[in-house]
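**Student:** Sharing a model prediction with you, sequence too.
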Amino acid sequence: MDEVSENMSSQFRMECGNHTDEDLELISSFNYWLEGVLMIIVGIFGLVGNSVSILVLASREMRNSFNYFLIVLSTTDNLFIFITLLDYSFTRVFSWPIDFDSEVYAIFFPRVFYPLNNISMTLSIFLVMVITHERYIAVCHPHAYRQNEAEGGGTRVLICTCIVLIPAIIINIPKFFETELTFEDSVDNEGLFNNYTVSYDVTDLRKNPNYIRFYVNWCLLVFTGIIPLAFLLFFNYKIFQGIRYTHARCRKSRSGEINLAAILVCIVVVFVVCNLLRVVLNVFELFWLDNIFRCGDEFMHAAWFHCLNSISHLLLVLNSSSNFLIYCSLGTNFKLVLRKVFNRICRVKERTNLETKQNDMDMDILGVAEQTVQNINAISAVSAVSAVHSNGIIETSL
């Protein structure tokens, strides 16, 4: 009987997973160093780099549809980085400025952090697809592209952004219903109601096997993995065909198109590399669905899966943080405008310092002048008193 129970327990551990002390220590180390320390370093660099990119791309010399799309992409990436750092790095790893188990986190996580993080990631994926299609139009259909630019590139960028924002929100609407707030009454030592604590819990929808199978795995895998990857491969192939055709006609126009195409290719390559692990882990979960349904809340992913998941989270932040390096490495106009903006900021700072020094000098001169006037008035007063005393002595002697 004991042998049968032991075999059943062993089979349960194999199907549902089991973590040893070494596994827990390894998972904790990966969470701390990858989702904590490294993610903060990469994320802060990404926030600064994307902000500088927006400043440069919004300048007068860089105004075109392609750069407008890059501005929207950088803004979306900054939103994703900010939420990811706040949720994973600061809250879950370092418990600052709020704790993972705090009521504040419980209130904001189900309705703000979790859904908005997924929406921003999905929107970033769709924007890369839109930018790729924009480059395809510019290279393979230049007349239509110039006509669109003449009619107003900014308006077209706004319309395209709204078009991809709507499906990004629709796809992630179920995320708003995966968690819910829970309220638990707390009583004092006498058994009287004292207060209630706010927490959150997973809803029945998130536990539903069909929801997990068809939405969490298949739907997100198809719409944020397979379709974007196939789309990017197809249109990048078309772009290179268009560049080859352009080179055969006019060598001069090839230089500018290759520079923009190189920027796009690097963005796409970084996107594919950084998102590939996320897609692979999603595919792995498809093979574990039966065990997940059978074990329920007792199911535990293997330690290596948790470690790779931490790497995946870091790679997603790296993907959103790397565009500034791509622009600086390959964007010829970007580097020129960046130097101009930097020099302009330095000149403004120098002018501010000079004005501050001039104001300080003026204040010093004014202070010296006021002190001089006070001294002259004091001397005049002393002279007047002396004269009065002298007149009094003279009158007395007379």
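**Tutor:** Everything's here; your move.

**Student:** From here on, just use CA atoms for contacts and neighbour counts.
**Tutor:** Will do.

**Student:** residues near residue 219, how many?
**Tutor:** 15 (other C-alpha atoms under 10 Å).

**Student:** Which strands or helices does the helix or strand where residue 273 lies pack on?
**Tutor:** Residue 273 is part of helix 251-287 when elements are defined by DSSP states H and E. When contacts are defined as 3 or more C-alpha pairs under 8 Å, 6 or more residues apart in numbering; DSSP states H and E, helix 251-287 sits against helix 114-140, helix 220-221, helix 227-249, helix 303-321, helix 323-330.

**Student:** what is the rounded mean pLDDT of that helix?
**Tutor:** If you average the pLDDT over helix 251-287, you get 83.

**Student:** tilt between it and helix 303-321?
**Tutor:** Orientation note: helix 251-287 sits at an angle of 150 degrees relative to helix 303-321 (axes from the mean of the first three to the mean of the last three C-alpha atoms, to 10 degrees).

**Student:** Any chance you could list what contacts the following helix or strand past helix 251-287?
**Tutor:** For helix 251-287, the following helix or strand on the C-terminal side (DSSP H and E) is helix 289-295. Outside helix 289-295, the residues that touch it by C-alpha atoms under 8 Å, 6 or more residues apart in numbering are 15-16, 209, 213, 299.

**Student:** mean pLDDT lowest for which of the helices and strands packed on helix 251-287?
**Tutor:** Lowest mean pLDDT of those: helix 227-249, a mean of 83.

**Student:** which parts of that helix are buried?
**Tutor:** Residues of helix 227-249 classed as buried by neighbour count (16 or more other C-alpha atoms under 10 Å): 228-229, 232, 235-236, 238-240, 242-243, 246-247.

**Student:** picking up where we left off before, got CSV for the helices and strands packed on helix 251-287, with distance to residue 77 too?
**Tutor:** CSV is the format used below for those (distance: least, C-alpha to C-alpha, whole Å):
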stretch, distance to residue 77
helix 114-140, 7
helix 220-221, 19
helix 227-249, 17
helix 303-321, 5
helix 323-330, 9
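
**Student:** one step back: if you rank the contacts of helix 289-295 by neighbours, which is first?
**Tutor:** residue 16 (21 neighbours).

**Student:** and the gap between the nearest residue to that one once chain neighbours are set aside and residue 205?
**Tutor:** Once flanking residues are discounted, residue 16 sits nearest to residue 299: 4.4 Å by C-alpha to C-alpha, 6 or more residues apart in numbering. To residue 205, residue 299 is 18 Å away according to C-alpha to C-alpha, to the nearest Å.

**Student:** where exactly do the strands run in the stretch 51-200 of the chain?
**Tutor:** All strands of the stretch 51-200 of the chain, identified by DSSP state E, counting those that start in this stretch, fall at 179-187, 193-202.

**Student:** Turn the ones you listed into JSON lines, including mean pLDDT and mean neighbour count.
**Tutor:** Listed next are these as JSON lines, based on pLDDT from 0 to 100; neighbours: other C-alpha atoms under 10 Å:
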{"stretch": "strand 179-187", "mean pLDDT": "80", "mean neighbour count": "14"}
{"stretch": "strand 193-202", "mean pLDDT": "78", "mean neighbour count": "14"}
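
**Student:** Out of the contacts of helix 289-295, which is nearest to residue 87?
**Tutor:** Using C-alpha to C-alpha, residue 299 is the member of these that sits closest to residue 87, with 23.8 Å.

**Student:** Number of residues surrounding residue 374?
**Tutor:** The local packing of residue 374 (other C-alpha under 10 Å) involves 12 other residues.

**Student:** Just put the strands of the stretch 51-200 of the chain in a markdown table and tack on distance to residue 44.
**Tutor:** Formatted as a markdown table, these follow (distance: least, C-alpha to C-alpha, whole Å):
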| stretch | distance to residue 44 |
| --- | --- |
| strand 179-187 | 29 |
| strand 193-202 | 29 |
